[in-house]
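Trainee: fold the stuff below for me.
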Amino acid sequence: MHEIEQTLKTTGPAWNTIVSGGPVVATAIHAGHVVRPDLETHLAIDPDGRRREEDPLTDYFLTLADNAVRVNRSRFECDMNRSRERCISDDPEDTWGLQIWKDHLPEEVKEKSRTQHDEFYAEMRAMMDGLLDRHRHVLVLDLHSYNHMRDGPDAAPAPAKDNPDIDIGATTLDKGVFSDVLSALSVGLSRVPVKGRRPEIGENIRYPDGGNFPEWLHEIYPDRACVVTLEYKKVFMDEWTGSLDIGAAQDLRTGLMHALGAAREQLDRLNA
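Mentor: Next comes the predicted model:
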């Protein structure tokens with residue numbers, strides 16, 4: 001088993017991209033957990049602790065879109081939602097106070113991650129250019145999740161008013177162009193109950209500063225790319241044990257399916 005795991009870590013792709021040509025893209029850039037061997041020896045955090053800060057199962061929603069991107073490597077190896085300079089860090093201040101690495105990482109190891117960052121962004125640029133050759137506008141769903149039990153498994157959860165079930169990130173979105181697409185998503189997401197309760201939907205609450213990936217896309221394609229970040233509170237899993245709540249996950253996926261259907265109608269109107 002150890003040999004198989006090492007082979008996967010050595011030869012597995014850093015990300016997978018499936019492009020069908022339609023106008024909707026879904027990305028799960030923090031879904032990965034694998035760390036390449038030259039970094040693994042430097043890890044100070046255990047796999048469970050690392051997974052708690054990653055976004056497991058966000059790739060479960062990818063098949064709802066026409067085109068899908070899944071990053072297979074841990075965000076700590078290379079965080080695709082940060083700038084090239086900050087995509088890997090050995091400073092705990094950059095990782096919520098967590099000591100991810102035993103020591104300062106060698107510069108050549110960091111540079112390898114920065115090179116991954118360069119390659120990923122180049123591939124995303126090529127993919128978007130190709131899609132925008134076919135469509136006037138493209139919708140990108142940037143899928144993430146977040147913890148709300150940081151004080152421990154037996155502590156009270158974080159206050160609901162500051163931690164919506166789904167927080168929509170649209171900090172740099174051109175609402176003059178895409179307001180109807182955004183509204184359709186927001187309303188649609190709220191309509192399907194999650195285990196009998198309608199989810200609370202927020203906007204720019206959890207991460208009001210946004211992320212590098214959507215901001216980069218909007219900078220290049222300001223009035224053509226509708227990039228919406230969906231931050232799912234981890235109500236679909238136990239963030240401390242990692243166990244999945246299948247019913248909640250299925251409800252959330254159904255909600256996104258219906259919301260995306262409504263958003264597609266607005267996107268088609270823009271693309272007509």
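
Trainee: now stretch 105-121: average pLDDT?
Mentor: Averaging pLDDT along stretch 105-121 gives 97.

Trainee: hang on, I meant stretch 75-87
Mentor: pLDDT averaged over stretch 75-87 gives 98.

Trainee: which outside residues touch it?
Mentor: With CB atoms under 8 Å, 6 or more residues apart in numbering as the test, stretch 75-87 has contacts from 14, 29-30, 32, 34-36, 39, 50, 53-55, 71, 88, 94-95, 100, 113-114, 116-118, 120-121, 142, 144, 211-213. For every residue, glycine as well, the C-beta is placed using N, CA and C.

Trainee: buried subset of those residues?
Mentor: Neighbour-count burial (16 or more other CB atoms under 10 Å) is assigned, among these, to 14, 29-30, 32, 35-36, 39, 50, 53-55, 71, 88, 95, 100, 113-114, 116-117, 120-121, 142, 144, 211-213.

Trainee: how far does stretch 89-100 stretch from start to finish?
Mentor: 9 Å (CA to CA, to the nearest Å).

Trainee: buried set for it?
Mentor: For stretch 89-100, by 16+ other CB under 10 Å, it's 89-90, 95, 100.

Trainee: run the chain-centre distance for it.
Mentor: From the chain centre to the centre of stretch 89-100 is a distance of 19 Å (CA atoms, centre = their mean, to the nearest Å).

Trainee: just the strands in the stretch 151-272 of the chain please.
Mentor: 166-169, 201-203, 225-233 (DSSP state E, counting those that start in this stretch).

Trainee: which one of the ones you listed lies closest to residue 151?
Mentor: Relative to residue 151, the nearest member of the strands of the stretch 151-272 of the chain by CB to CB is strand 225-233, separated by 15.0 Å.

Trainee: that closest one - what's its average pLDDT?
Mentor: Averaged across strand 225-233, the pLDDT comes to 98.

Trainee: packing partners for it?
Mentor: The contact analysis (3 or more CB pairs under 8 Å, 6 or more residues apart in numbering; DSSP states H and E) places strand 225-233 against strand 138-146, strand 166-169, helix 175-191, helix 212-220, helix 246-271.

Trainee: just the buried residues of stretch 14-25, please?
Mentor: In stretch 14-25, counting by 16+ other CB under 10 Å, buried: 14-15, 17, 23-25.

Trainee: now do stretch 183-196
Mentor: Buried-residue list, stretch 183-196, by 16+ other CB under 10 Å: 184-186, 188-190, 192, 194.

Trainee: CSV for those, including distance to residue 249?
Mentor: Below are the buried residues of stretch 183-196 laid out as CSV (distance: CB to CB, whole Å):
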residue, distance to residue 249
184, 23
185, 19
186, 20
188, 18
189, 15
190, 18
192, 13
194, 9
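
Trainee: between the residues you listed, which sits nearest residue 158?
Mentor: Nearest to residue 158 among the buried residues of stretch 183-196, with distances taken as CB to CB, is residue 194, at 17.4 Å.

Trainee: mind listing what the closest residue to the closest one other than its chain neighbours touches?
Mentor: Counting by CB to CB, 6 or more residues apart in numbering, residue 194 lies nearest to residue 251, which is 4.3 Å off, once chain neighbours are set aside. By CB under 8 Å, 6+ apart, the contact set of residue 251 is 192-195.

Trainee: just send the residues you listed back as TSV, with distance to residue 234 and pLDDT too.
Mentor: Output for the contacts of residue 251, formatted as TSV (distance: CB to CB, whole Å; pLDDT from 0 to 100):
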residue	distance to residue 234	pLDDT
192	18	96
193	18	97
194	12	97
195	14	94
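
Trainee: from these, which is closest to residue 202?
Mentor: Nearest to residue 202 among the contacts of residue 251: residue 194, at 14.7 Å, using CB to CB.
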